[in-house]
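A.B. asks: here's my sequence, what's the structure:
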Amino acid sequence: MSTSATSATSATATTPAPQSFGRQLHDAAADWWQTDFPNWIYVFKMVFAGLLALGIGYALDLESPRSGLITVFIVMQPQSGMILAKSFYRVIGTLVGSAAVVVFVGLFAQTPELFLLATACWIGLCTVGSAHNRNFRSYGFVLSGYTVALIGIPAALNPALTFDSVMTRVTEITVGIVCAGVVSALVFPQASAPGLVRIIRGRFTAFVDLIGNTLGGSADRKALEATNARFVGDIIGLEALRSSAIFEDPEIRLRSGRLTRMNSEFMALSTRVHALHQLMNRLHDSRNPSAQLVIDAISPYFREVQPLLTRSGGEPVMTAIDAADAALKLESYKQELPRRVRATRDAHTRSQELDDDAVLDFDTASELLYRVIEELHAYTLTYASLVQRRHEREQWEHVYAPKTSMVTASIAGARAAITLIGLSTFWILSGWPSGDVAALNAAAFCAITSAAPDPAKATRTVTMGVALAVVLGYFYTFHIVPQLDGFWMLAAALTPVLMLAVLLTTKPTLAGYGLGICIFFPFVAVPDNLAHFNAAGYLNESIALMLSLVVTTVAFMVLLPPTTNWTVRHLEKQLRKQVVQACFGKLAHLALQFESGTRDLMHQITMLTGSRPALRKDAFGWMFATLEIGHAIIELRTELHGIRSGNPGLLSPAAYAALDRLREALPALFRQPTPATLAAVLDANNRTIAEVQQAIGPHYRERSERHRLQRTLSYLHFIRTALLDPQSPLQPMHQNGDAATSSGAHHAA
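C.D. replies: Got it, this is the predicted structure:
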C-alpha cells in the first residue's frame, strides 16, 4: 500500500463521522433549552405580570395605572425569592417615604424652597443609609428617599391632594408588587433554594480541593490568592441569596441560622488555611537551616487531612450526607492530633535537632494546623446538619456585619442632595412647567445608581435606553394609542416593545438600555385613566427626563466619582483600620465582625477595580496582611483574657506591659505604614516574645499552663513572621535585610 493511501486511511479513521441533520438539530435545541429558554420564560412572565398590573389599575380606576406596570419592571428578578425580598423592602421604603411626604408637605407647603431643601436632605440621608446596608435592605432605604421626591414634589404643588396622592401611589405600587410576586411564584416558578444549594455544595467541594492542594503541596501563592478572591464573592453572594430565599421557602427559613453559621465558619476556616500556608511559605524562604527540619516534621500531618474529606470510593465529599461521615473522621483525628504532635516535638527536642527558633516555628505551625482541623470540623458539622429540618446548630446569633466607609457613604448622599438642589433651583428660577419631572427623576436615579460599581457608566447606558423610549413613546402616544379601543388592544400593542426591553435586561452588556426602556417607555407611552394627548407637554417631559439623566451622569463624573483611585485608596485605608478594631474592639463576637467587615470592604474594592488589576492586587495584599495579623491579635487577646481571669500570675507585670505596648503599636502601623512604625512594632513584638519565653522558662509547669503560654507565644511568633513576610505589602518598609525577598512561589509542604 502506498504512503498516500496509508495517510488517507489514517485520516478517515481519525476524522469523526459528520452528524446527521436530526442530531445537530437535537443538540441545538438542547443547548437553546439550557441557555435561552429560561430567559424567554422570564421575559414572558414579567411582561404578563406588568400587563396584569396595568389591567388591574385600569379596572380599579387608579389615577396612573402605569405605575403598577413600572413597579413590576423595577422589582423584577429571576428568582421568586428575590422578587419577594425586593418587594418587601419596596413596600417598607414606600410607606416610610409616604409618611415623610405627609410631614414635609404639612411643614413646608407654603415655602417650596424649604420643602425642596428638606427633600434633598432626606434623600441624602437615605442614600447614606443605603450605602451602609446590603442586598435589598439597601433598596428599601433608596425607596424611602426617592418616594419623597416622586410623591412629594407633585403633592407640594397641590397640598390639598397630598393624602389622596399618597394613598393612590401606595395602591398602585402594591398592585404591581402583588402581580409580580404572584406571577413569579405560580407561572414556571424559579426558586432561589436550588441556587443556594449549588453554591453551598460547590463551595464546600472547592474548599476540599483547596485544602488538599494547600496541605498537599501543590498550590502556590498566586493560586491561593485567586481562590481566596473568589471566596470573597461567594461569601457575599451566599448571604444575599440566603436573605432572599427565606422569603419563599420555609425549609430555608428553618435552616437560616445554620446557613449564616456556615458563612461565618467558612470565613474563619479560609483565614486559618491561608495563615498556615503563608507560614509554611516563610519557612521555605527562611535562611535558618533548621527550617527544613520543621517542614519535614510537620508535613506528614498535612498529608493526612485530605483523606478525611473523601468518601470510601475516593471521591471528594460533596453532599451534606457525605459530610456527616467526614465530620466523624475529623472528630477522631482532632482528638488524636495534640498527642501525636507533642510526641513529634519531644522526639526532635530530645535529639536537639531543632534550635529555639525552629521549635517556635514548629509550635506555631502545629497550633495553626490544630485550629484548621478544629474550624474544618465545625464547618463540616454544620454542613452535615442541613439534612435535618431542626438541629441544635441552628442556634446562632452572630450575623454577617457589612462594613462601609462613612466618608464614601456621605459623599454619595451629598451628591444626590446637591443634584436635587441644583435642578430644583433651575426649576424655580426658570418656571419650567416640567422642571418637577427633571428634579424628581434626577433624585431617584442618583439614589438608585449610587451603589453601582461605575454609576456614571450605568446612568449613561440608561440614558440611551430612555432616548429610545422617548422616540418609541412619541410614535405610540400620537399614532397608535389613539387608534386603539380597549385594554386588550393596548396590551397587544405594548407587548412587542416590553418584551424587547425585558429581553435586553437579561444581557449583561445591554441591561442598562433595557432598564431605561422598561421604566420610561411606560412612563411616556401608557395613557392614564384620563388620557391626555398634548404634544407640547410630551416634549417638555421628554426633555426633562433626558436632562435629569444627563445631569445625574455629570454629577457622578464630577462630584468625587466612586471610580477614582482616591476612593479605592480610601477603602484600602479602611481595610487596614480593621486591625484597630481587632486590637481594641469588644471580644464578644469580635472575630466574626472583623472577618465579615474586612471581606466586605475587599468586595467593594473588587467591584471598583475591575479594570485596574494593579490596584486590586495591592488591596488583596493588604487584605491578607490584615486578616493574618488581625486574627492573630484577636486570638492573642482571647488567650490573655483567659489567663487574666483564670491565672493572672502566669505572666509577669513586665509581660503584661509588653503586650499592651504591642497592642498600641500595631494600630499605628496599619493607620500609617512607614519604616518607623514597622520598626516600632517589630521591637515591641520581640520584647513581648522574650517576656513570654521567660515566663515559660526551663522550670516545671503544669501541662495546661505551659500550653497556654506556648499558644500565646505561637500567636506572637506568627505576627512576627507576618510582619517579616517578603511578599507582604509591608516588605518595602523594612530598613534592613530582615525580610529576605523571594522570587518564587512556594507552598506548604
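A.B. asks: what's the burial count for residue 345?
C.D. replies: 18 (other Cβ atoms under 10 Å). C-beta: built from backbone N, CA, C; applies to glycine.
A.B. asks: what about the residue nearest to it when sequence neighbours are not counted, distance to residue 298?
C.D. replies: Once flanking residues are discounted, residue 345 sits nearest to residue 362: 6.1 Å by Cβ to Cβ, 6 or more residues apart in numbering. To residue 298, residue 362 is 6 Å away according to Cβ to Cβ, to the nearest Å.
A.B. asks: same question for residue 70.
C.D. replies: Distance, residue 70 to residue 298, using Cβ to Cβ: 62 Å.
A.B. asks: for residue 37, same thing?
C.D. replies: Residue 37 is 53 Å from residue 298, by Cβ to Cβ.
A.B. asks: of those two, who's got more company?
C.D. replies: Per other Cβ under 10 Å, whichever of residue 37 and residue 298 has more neighbours is residue 298, with 25 against 13.
A.B. asks: quick check: closest non-adjacent residue to that one.
C.D. replies: Using Cβ to Cβ, 6+ apart, the closest residue to residue 298 is residue 365 (4.9 Å).
A.B. asks: can you show me the helices along the stretch 501-650 of the chain?
C.D. replies: 511-525, 535-558, 565-576, 578-584, 590-608, 613-646 (DSSP state H, counting those that start in this stretch).
A.B. asks: ok, which of the ones you listed comes nearest residue 138?
C.D. replies: Closest of these to residue 138 is helix 590-608, at 12.5 Å (criterion: Cβ to Cβ).
A.B. asks: quick one, the closest one and helix 613-646 angle?
C.D. replies: Per axes from the mean of the first three to the mean of the last three Cα atoms, to 10 degrees, the angle that helix 590-608 makes with helix 613-646 is 170 degrees.
A.B. asks: which other helices and strands does helix 590-608 contact?
C.D. replies: helix 221-245, helix 256-285, helix 565-576, helix 578-584, helix 613-646 (3 or more Cβ pairs under 8 Å, 6 or more residues apart in numbering; DSSP states H and E).
A.B. asks: residue 570 reaches residue 408, doesn't it?
C.D. replies: Yes - counting by Cβ atoms under 8 Å, residue 570 touches residue 408, with 6.6 Å between them.
A.B. asks: more crowded one of these two?
C.D. replies: residue 408 (20 against 16).
A.B. asks: run through who's touching the helix or strand hosting the more buried one.
C.D. replies: Residue 408 is part of helix 406-430 when elements are defined by DSSP states H and E. For helix 406-430, contacts defined as Cβ atoms under 8 Å, 6 or more residues apart in numbering pick out 112-113, 116-117, 119-121, 123-128, 131-132, 145, 149, 432, 435-436, 438-439, 442-443, 446-447, 450, 547-548, 551-552, 555-556, 559-560, 562, 567, 570-571.
A.B. asks: just stretch 558-575 next, same as before
C.D. replies: 403, 405, 407-408, 411-412, 414-415, 418, 450, 453-456, 556, 598, 601-602, 604-605, 608-609, 612, 615, 618-619, 622-623, 626.
A.B. asks: now it: mean pLDDT?
C.D. replies: Per-region confidence: stretch 558-575 scores 86 on mean pLDDT.
A.B. asks: distance from that stretch to the middle of the chain?
C.D. replies: 18 Å (Cα atoms, centre = their mean, to the nearest Å).
A.B. asks: can you check stretch 482-500 too?
C.D. replies: 40 Å.
A.B. asks: how about that stretch: buried residues?
C.D. replies: 484, 490-491, 494, 497-498, 500 (16 or more other Cβ atoms under 10 Å).
A.B. asks: next, format those as a markdown table and append secondary structure, pLDDT and distance to residue 667.
C.D. replies: Output for the buried residues of stretch 482-500, formatted as a markdown table (DSSP: H, G, I helix; E, B strand; the rest coil; pLDDT from 0 to 100; distance: Cβ to Cβ, whole Å):
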| residue | secondary structure | pLDDT | distance to residue 667 |
| --- | --- | --- | --- |
| 484 | coil | 88 | 69 |
| 490 | helix | 93 | 65 |
| 491 | helix | 94 | 63 |
| 494 | helix | 94 | 60 |
| 497 | helix | 94 | 58 |
| 498 | helix | 94 | 56 |
| 500 | helix | 93 | 56 |
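A.B. asks: in TSV: those residues, plus distance to residue 659.
C.D. replies: Below are the buried residues of stretch 482-500 laid out as TSV (distance: Cβ to Cβ, whole Å):
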residue	distance to residue 659
484	80
490	75
491	73
494	70
497	69
498	66
500	66
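A.B. asks: so which of these is the closest to residue 292?
C.D. replies: residue 500 (66.1 Å).
A.B. asks: which residue sits closest to the closest one in space, ignoring its chain neighbours?
C.D. replies: residue 517 (7.4 Å).
A.B. asks: wait, the one you found sits on residue 503?
C.D. replies: No - between residue 517 and residue 503 there is no contact under Cβ under 8 Å: 10.3 Å.
A.B. asks: okay, now residue 539: neighbour count?
C.D. replies: Neighbours around residue 539, by other Cβ under 10 Å: 13.
A.B. asks: next, count neighbours for residue 396.
C.D. replies: 16.
A.B. asks: quickly find the element holding it.
C.D. replies: Short version: residue 396 belongs to no helix or strand, going by DSSP H and E.
A.B. asks: contacting residues for it?
C.D. replies: 257-258, 260-261, 264.
A.B. asks: quickly name whichever of those is closest to residue 101.
C.D. replies: Distances from residue 101 to those, taken by Cβ to Cβ, are shortest for residue 260, at 35.8 Å.
A.B. asks: just the helices in the stretch 251-400 of the chain please.
C.D. replies: 256-285, 291-302, 320-350, 356-385.
A.B. asks: give me the angle between the longest one and helix 291-302.
C.D. replies: It stands for helix 320-350. Using the same axes, to 10 degrees: helix 320-350 against helix 291-302 is 150 degrees.
A.B. asks: helices or strands up against helix 320-350?
C.D. replies: helix 291-302, helix 356-385.
A.B. asks: any idea which of these is most buried?
C.D. replies: helix 356-385 (a mean of 22; mean count of other Cβ atoms under 10 Å).
A.B. asks: for residue 137, see how far away the closest residue to residue 121 other than its chain neighbours is.
C.D. replies: Excluding the flanking residues, the one nearest residue 121 by Cβ to Cβ, 6+ apart is residue 417, at 6.2 Å. Taking Cβ to Cβ as the measure, residue 417 and residue 137 are separated by 21 Å.
A.B. asks: what about the two, which has more around it?
C.D. replies: A direct count of neighbours by other Cβ under 10 Å for residue 417 and residue 137 places residue 417 higher, at 24 against 18.
A.B. asks: go through stretch 420-435 and flag the buried ones.
C.D. replies: In stretch 420-435, counting by 16+ other Cβ under 10 Å, buried: 420-421, 423-424, 427, 432, 434-435.
A.B. asks: if you could redo that for stretch 114-121, that was the one I meant.
C.D. replies: Neighbour count says stretch 114-121 has 115-120 buried, by 16+ other Cβ under 10 Å.
A.B. asks: how far does that stretch sit from the chain's center?
C.D. replies: That offset, for stretch 114-121, works out to 33 Å (Cα atoms, centre = their mean).
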